[in-house]
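*Asks:* would you be able to build a 3D model of this:
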Amino acid sequence: MWRILLVALLFYLIVWLIRGLVAPGRGPGVGEGDEELVSDALTGVYFPKTKAVSINRDGRKLYFISVGNRDRWLRENGRRT
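*Replies:* As a prediction, the model looks like this:
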């Protein structure tokens, strides 16, 4: 019984590794739902870019996790956008 489980586990691991080599980005350590992370300019917390509130400032794009963080950053750093 243990031999069958060990063979099945080895087979699964080999298929998983080969899939990672054949289709990069879908292999070990990369999930299908992974997306680009950005850092909140106020707190430094990383979060998905698709959920970001952003502004352009001095030729760079700044990302915020919430409107409240964006407004606080603007109050502390001047309002020009």
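
*Asks:* what about this protein, any weak spots by pLDDT?
*Replies:* Scanning the chain for pLDDT under 70 picks out 20-33, 79-81.

*Asks:* the strands in it, which residues?
*Replies:* Using DSSP state E, the strands of the chain run over residues 37-39, 46-48, 53-57, 60-64.

*Asks:* all helices for the chain, in order.
*Replies:* 2-22, 67-77 (DSSP state H).

*Asks:* using neighbour counts, pick out the buried residues of the last one.
*Replies:* So the one you mean is helix 67-77. For helix 67-77, the neighbour count (16 or more other CB atoms under 10 Å) marks 69-70, 73-74 as buried. Heads up, the C-betas are built off the backbone N, CA and C, glycines and all.

*Asks:* go on, the longest one?
*Replies:* Taking 16+ other CB under 10 Å as the neighbour-count basis, helix 2-22 is seen to contain no buried residue.

*Asks:* now stretch 50-61
*Replies:* A52.

*Asks:* end to end, how far does that stretch reach?
*Replies:* End-to-end distance for stretch 50-61: 14 Å, by CA to CA, to the nearest Å.

*Asks:* tabulate the strands of the chain (JSON lines), appending distance to A8.
*Replies:* Putting those into JSON lines (distance: least, CB to CB, whole Å) gives the following:
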{"stretch": "strand 37-39", "distance to A8": "35"}
{"stretch": "strand 46-48", "distance to A8": "35"}
{"stretch": "strand 53-57", "distance to A8": "47"}
{"stretch": "strand 60-64", "distance to A8": "44"}
